[in-house]
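Next input, structure requested:
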Amino acid sequence: MNEGRPNIVDLIKTGKIDLVINTPLGRESFYDEKSIRRAAIRYNIPCITTLAAAQAAARGIRALIEQGIEVAALQDLHSGKAAVSNSSSTGD
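Okay, here's the model as predicted:
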């Protein structure tokens, strides 16, 4: 934030950022972190604040791209019907 403009908050406001991964370190980053999180919330941008969460999100995004999404009713998941249809569609 202190390095001039455009900064991350400017990019969030203009819609150029789709996901924020902000893992602050040290006291100086506290104010930047607050501004970045506030902008992300205001502009409905997901904001991840730990490396573990960032890794999980990256794995989820990769799985979504590679495998897509399959929707099943909760009742089907509990009855086993969705598991049968999922395994038959994946060749298991």
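
Where in the protein is the helix or strand with the lowest mean pLDDT?
Lowest by mean pLDDT, DSSP states H and E among the helices and strands of the chain is helix 81-90, with a mean of 53.

can you tell me the helix or strand for residue 16?
Counting by DSSP states H and E, no helix or strand carries residue 16.

so what pLDDT did it get?
pLDDT recorded at residue 16 is 96.

Helices along the protein, start to end?
Assigned by DSSP state H, the chain shows helices spanning 8-13, 29-42, 51-67, 74-79, 81-90.

Residue 36: how many residues sit nearby?
Residues within reach of residue 36, counting by other Cβ atoms under 10 Å, total 23. C-betas here are computed from N, CA, C, even on glycine.

when you give positions from now on, start the count at 42
With 42 as the first residue, the last one maps to residue 77.

Would you mind measuring from it to residue 71?
Distance, residue 77 to residue 71, by Cβ to Cβ, to the nearest Å: 11 Å.

Now the common contact residues for the two.
Both residue 77 and residue 71 lack any common contact, where contact means Cβ atoms under 8 Å, 6 or more residues apart in numbering.

circling back to that earlier point, weakest of the helices of the chain in terms of mean pLDDT?
Mean pLDDT per stretch puts helix 122-131 lowest among those, at a mean of 53.

Got phi/psi on residue 113?
The phi and psi values for residue 113, taken as degrees, to the nearest 10, are phi -140, psi 150.

Count the neighbours of it for me.
12.

Just the pLDDT at it, thanks.
84.

Relative to residue 97, how far out is it?
According to Cβ to Cβ, residue 113 and residue 97 sit 22 Å apart.

Ok, residue 45 next?
In terms of Cβ to Cβ, residue 45 sits 33 Å off from residue 97.

Surely residue 78 is in contact with residue 88?
Yes: with contact defined as Cβ atoms under 8 Å, residue 78 reaches residue 88; the gap is 5.5 Å.
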